[in-house]
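A.B. asks: Provided below for reference: sequence and predicted model.
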Amino acid sequence: MATHRRTRKPSQLNPLKLNLSKVLNPEHMQRLSSIALLRRHWHDIVGSMLAERCEPIAIEPQADGSLGLLIAVNHPVIASHIRLLHEDIRKACFKRCKLQGLRKVWTRVQAGAGIREEKKVRIHYEVHCQDLRLLAQSLQDVKDKPLRKLMFNAGAAQLQFYKTNQGS
């Protein structure tokens with residue numbers, strides 16, 4: 001007796017933004033997107049020295065219909081510095097992130113505030129080109145480009161490790 005196995009419909013991945021928009025109103029979603037964009041470009045907006053000591057934490061609507069930016073700072077001296085630079089920060093937010101309607105910038109002292117810049121480490125491989133060519137040829141059947149690149153970098157690091165530790 002043949003039994004038919006019931007198959008379920010394949011699941012589909014939806015962007016997180018679509019699911020959040022069902023819970024939050026469009027204005028709140030726009031503010032969340034804007035703060036994420038500000039955080040991503042914060043080092044360019046205020047500079048590395050200041051970015052490591054402060055961070056944008058909220059965009060809030062004001063009574064006059066404009067927006068206000070709340071910045072967490074790790075020290076009161078940084079707060080006074082932000083107050084002096086508020087006009088430059090406002091302009092940079094518009095220039096880098098197209099954030100319109102930003103009129104007010106204020107601060108709040110918060111321990112540990114700041115966005116640390118990630119240092120990109122470049123790995124220097126001291127292996128022969130022929131070894132790298134053979135490695136690349138062995139990975140040519142991998143169709144997923146990011147996976148192939150990751151596998152190549154791992155293989156090259158492994159070759160460098162063996163060369164360093166074997167003394168060859």
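C.D. replies: Looks like it arrived, so ask away. It should be emphasised that the depicted structure is a prediction, and the values quoted were computed from it without experimental measurement.

A.B. asks: E52 contacts R116, doesn't it?
C.D. replies: Yes: counting by CB atoms under 8 Å, E52 sits close enough to R116 to count as a contact (6.0 Å). (C-beta placed from N, C-alpha, C; glycine too.)

A.B. asks: those two: which is more packed in?
C.D. replies: Neighbour count, other CB atoms under 10 Å: between E52 and R116, E52 has more, with 17 against 10.

A.B. asks: so for the more buried one, what's the nearest residue that isn't a sequence neighbour?
C.D. replies: G114 (4.6 Å; CB to CB, 6 or more residues apart in numbering).

A.B. asks: can you give me the strands in the chain?
C.D. replies: 54-61, 67-73, 102-109 (DSSP state E).

A.B. asks: which strands or helices does the first one pack on?
C.D. replies: Which is strand 54-61. Here strand 54-61 touches helix 26-40, helix 42-46, strand 67-73, strand 102-109, going by 3 or more CB pairs under 8 Å, 6 or more residues apart in numbering; DSSP states H and E.

A.B. asks: now render the ones you listed as CSV, adding distance to F152, mean neighbour count and mean pLDDT.
C.D. replies: Shown next, in CSV, are those (distance: least, CB to CB, whole Å; neighbours: other CB atoms under 10 Å; pLDDT from 0 to 100):
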stretch, distance to F152, mean neighbour count, mean pLDDT
helix 26-40, 28, 15, 86
helix 42-46, 29, 20, 94
strand 67-73, 40, 20, 95
strand 102-109, 44, 16, 93
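
A.B. asks: I'm done for today, thanks for sticking with me.
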